[in-house]
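**Student:** could you work out the structure for the sequence below:
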Amino acid sequence: MRRRLPPARWRGFAGAGLMVVGLLLAAYLNLGPGPAARSGDSTLVLLPRGAGVSQVSRVLKSSGVIRSELLFQVLARTTGAGRSLKAGEYDIPSRTSVLSILSDLQAGRTLHRSVTLPEGRTSAMIVRQLQNTEWLSGDLEVPEEGVLLPETYRADRGDTRQSLLDRMRSDQQALLDRLWAARQPGLPLSSPREAVILASIVEKETGQTDERKRVAGVFINRLRMGMRLQSDPTVIYAISRGEPLGRGLRASELLSRSPWNTYAYSGLPPTPIANPGKASLEAVLDPIQTQDLYFVADGTGGHVFARTLAEHNANVARWREVERARAGGG
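**Tutor:** Numbers count the residues shown, from 1 in each chain. Below you'll find the predicted structure:
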């Protein structure tokens, strides 16, 4: 017995219904919430340069942020967004819709990372830090001392370490050109390089922002008078090239004949002893006008200043008492 087919109009309604269901399903998959992150609140996804829609969809699917490569490709191509997807690292929140992901990739809303290079580190220390920053790429050679500007720099995963180092060098040069052009008149500094050398000493002598210009003023006074700078950090640089000693300086080391030993020689050492930051460069090119010639630690992280040797010796004696009390647990 032959089965009777439903009238054509009912078959048309059924086909239309299936189409509507399909469209609703596609809309849900594209507009509705995506998969939950496999761990945490978001997923990091790295899209390589030159990746097309097919490769991007594979990366997104393997990362677990979309359910269907095909639906992503269809949406990317039908909307035209697939022609302008941006490479880079994306931090995609859990359950983000396909449409939102596509919008982010088209706008290039990548995750921007940053690396902070502290002031007062040697060039070797900065290179070591960059080499240990795993999301950067490439190797480095250690540049000459004092040519880098310590700062917080933004970068993307995969950027080269050399490009970051080049930015540090060019940023210092730009800053130095500006500060040197506006420097205080009559400074005993013959070149921007000498300013960097003195700024590196100021950087290592004090971590107090409000002291830098006063410390710089002391050293400027000494240079004008031909007095030796007598800076402990220059002796440490002579011994270890700036690496921490883990101990105090010995009397024999203060008498060493290294050209970096500012107890043994007048004037500036032959090179910077670190990479100074902006504040220290500003300090030596616009120091406080002072009659101070001496300073010593005050036991609180700062320094006490003096105009005469007698005043300075009294300050040193008080500092020695602080050291003895600390050594004795008092």
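**Student:** kindly export whichever strand or helix holds residue 220 (C-alpha atoms) in CSV.
**Tutor:** For residue 220, the enclosing helix or strand under DSSP states H and E is helix 212-225. The C-alpha coordinates for helix 212-225 follow below in CSV (Å, rounded to 0.1, in the frame of the first residue of the first chain):
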residue,chain,number,x,y,z
ARG,A,212,68.8,63.3,44.1
LYS,A,213,69.2,67.0,43.3
ARG,A,214,70.9,67.7,46.6
VAL,A,215,73.3,64.7,46.1
ALA,A,216,74.0,66.0,42.6
GLY,A,217,74.7,69.4,44.0
VAL,A,218,77.3,68.0,46.4
PHE,A,219,79.1,66.2,43.5
ILE,A,220,78.9,69.3,41.3
ASN,A,221,80.5,71.3,44.1
ARG,A,222,83.3,68.8,44.4
LEU,A,223,83.9,68.7,40.6
ARG,A,224,84.1,72.5,40.6
MET,A,225,86.7,72.5,43.5
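**Student:** what separation do you get for residue 169 and residue 275?
**Tutor:** Remark: distance between residue 169 and residue 275 (C-beta to C-beta, to the nearest Å) = 10 Å. Yep, even glycine has a C-beta here, placed from its N, CA and C like the rest.
**Student:** what touches both of those two?
**Tutor:** Residues touching both residue 169 and residue 275 (C-beta atoms under 8 Å, 6 or more residues apart in numbering): 147, 148, 149.
**Student:** before we move on, back to that, so what touches the helix holding residue 220?
**Tutor:** Residues from elsewhere that reach helix 212-225 (C-beta under 8 Å, 6+ apart): 187-189, 198-199, 201-203, 205-206, 227-229, 231, 267-268, 279-280, 282-284, 286-295, 303, 305.
**Student:** so of those, which ones are in strands?
**Tutor:** Using DSSP state E, the subset of those located in strands is 294, 295, 303, 305.
**Student:** can you flag which of the shared contacts of residue 169 and residue 275 belong to helices?
**Tutor:** Among the shared contacts of residue 169 and residue 275, no residue falls in helices (DSSP state H).
**Student:** before we move on, back to that, who has more neighbours, residue 169 and residue 275?
**Tutor:** A side-by-side neighbour count of residue 169 and residue 275, using other C-beta atoms under 10 Å, places residue 275 first with 29 against 15.
**Student:** that older thread, out of the shared contacts of residue 169 and residue 275, who's the most crowded?
**Tutor:** When those are compared by neighbour count (other C-beta under 10 Å), residue 148 ends up highest, at 27 neighbours.
**Student:** report whether the expected contact of residue 162 with residue 143 is present.
**Tutor:** No. The pair residue 162 / residue 143 is not scored as a contact, 10.2 Å apart, by C-beta atoms under 8 Å.
**Student:** three-state assignment of residue 178?
**Tutor:** helix (DSSP: H, G, I helix; E, B strand; the rest coil).
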